[in-house]
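From the sequence below, what's the structure:
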Amino acid sequence: MRNIKLTVAYDGTDYHGWQIQPDLPTIQGLLVDVLSRITQEQVELNGAGRTDAGVHAWGQVANFHTASGLSPIDFARALNALLPPAIRVRSAAEVSPDFHARWSAKAKTYRYSIDRSQVPSPFRFRYALHHPYTLDFDAMSAAAKCFEGEHDFTTFAASTGSDEDDRERNVVRTINRSELIAGPAECEALEAAEAQLLSAQSYPGHGEWIYVVRGQSFLRNMVRRIVGTLLEVGRGRIQPTEIPALFELRDRSRSGPTAPAHGLCLVSVDYPGSEVFT
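Residues are numbered from 1 along each chain as shown. Here you go, the predicted model:
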């Protein structure tokens with residue numbers, strides 16, 4: 001059996017997240033349906049991350065095993081011919097048999113966009129939270145740095161819906177990068193994948209703040225809870241110096257609210273070495 005890796009971009013607005021759900025349109029569900037039609041096989045598709053309803057992706061990674069003799073390029077072409085325009089396979093490659101999109105991942109990078117313009121761009125309203133009101137950028141930037149390192153993120157994650165699962169799950173995560181970026185002059189600080197994404201989405205160059213976070217894995221709603229907390233810092237309701245104490249409280253009710261889904265995008269997933277066959 002061959003192992004095929006896909007890099008997928010999608011507009012999550014009209015979908016109920018990545019993961020297959022009965023009778024609901026999801027990204028994984030549509031990909032599996034189309035792959036099954038192409039291969040005439042029962043396809044199991046692994047995703048690097050389970051993005052929530054309304055969350056977008058530029059660099060989601062997935063893999064599946066198949067006996068099909070189609071080349072990776074032909075897989076990408078066939079998928080893009082049959083998928084709706086809101087879902088695009090950016091690339092496909094044959095990888096080692098033990099590669100797994102989720103378990104092999106070294107790190108994921110997300111970004112959350114905040115449109116600071118008085119009049120929101122009609123080209124960005126699906127992809128950025130419009131917030132034209134007063135915010136303290138310096139305070140938010142300082143608070144963002146407090147999330148770097150290894151922490152217990154109970155305060156900044158949604159419940160699983162089960163008290164037993166909440167008690168048993170590992171809530172310690174390591175964040176390698178947590179940074180708030182403002183204005184076109186700062187775009188040089190973005191990594192290549194992020195810069196490509198912004199270009200692809202017609203970044204207006206002015207009036208947008210971007211929160212960038214990178215870590216090996218994230219808890220449910222974790223990034224959106226962090227953004228909601230940063231917005232509370234920007235409004236002066238939480239001080240940057242209070243963030244360490246919020247970690248210690250391990251109390252979900254003490255974080256900021258969960259920021260809306262549409263501002264969040266999975267930018268890229270990193271893997272150790274090169275799994276692609278040459």
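
so where's the chain uncertain?
160-168, 183-206, 274-278 (pLDDT under 70).

Remind me which helix or strand the residue at the greatest distance from the centre of it belongs to.
Within the chain, residue 69 marks the point farthest from the mean C-alpha position, 31.7 Å out by Cα atoms, centre = their mean. Under DSSP states H and E, no helix or strand contains residue 69.

repeat for residue 227
helix 222-234.

List the residues that contact residue 101.
By Cβ atoms under 8 Å, 6 or more residues apart in numbering, the contact set of residue 101 is 5, 46-48, 61-63, 269. Bear in mind the C-beta positions are built from the backbone N, C-alpha and C, glycine included.

Look up the residues forming beta bridges with residue 208.
Legend: beta-bridge partners of residue 208 under DSSP bridges are residue 115.

how about residue 213, secondary structure?
strand (DSSP: H, G, I helix; E, B strand; the rest coil).

If any of the contacts of residue 101 are buried, give me the PyMOL selection for them.
PyMOL command restricting those to the buried ones, with burial defined by 16 or more other Cβ atoms under 10 Å:
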select buried, resi 5+46+47+48+61+62+63+269
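
which one of the contacts of residue 101 is nearest residue 144?
Nearest to residue 144 among those, counting by Cβ to Cβ, is residue 269 at 21.4 Å.

My guess is that closest one contacts residue 58. True?
No. Using Cβ atoms under 8 Å, residue 269 makes no contact with residue 58, being 10.5 Å away.

now what about stretch 7-22, what contacts it?
With Cβ under 8 Å, 6+ apart, stretch 7-22 has contacts from 24-32, 47, 49-62, 86-92, 126, 261-262.

Helix, strand or coil: sort out residue 134 for me.
coil.

Count the neighbours of it for me.
Residue 134: 8 surrounding residues under other Cβ atoms under 10 Å.

how much space between it and residue 257?
18 Å (Cβ to Cβ, to the nearest Å).

To what extent is residue 49 buried, counted in neighbours?
Residue 49: 22 surrounding residues under other Cβ under 10 Å.

ok, now which ones touch it?
With Cβ under 8 Å, 6+ apart, residue 49 has these contacts: 18, 60, 102, 108, 218, 266, 269.

TSV please, covering these and showing distance to residue 80.
What follows is the contacts of residue 49, written out as TSV (distance: Cβ to Cβ, whole Å):
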residue	distance to residue 80
18	18
60	15
102	23
108	24
218	28
266	19
269	20
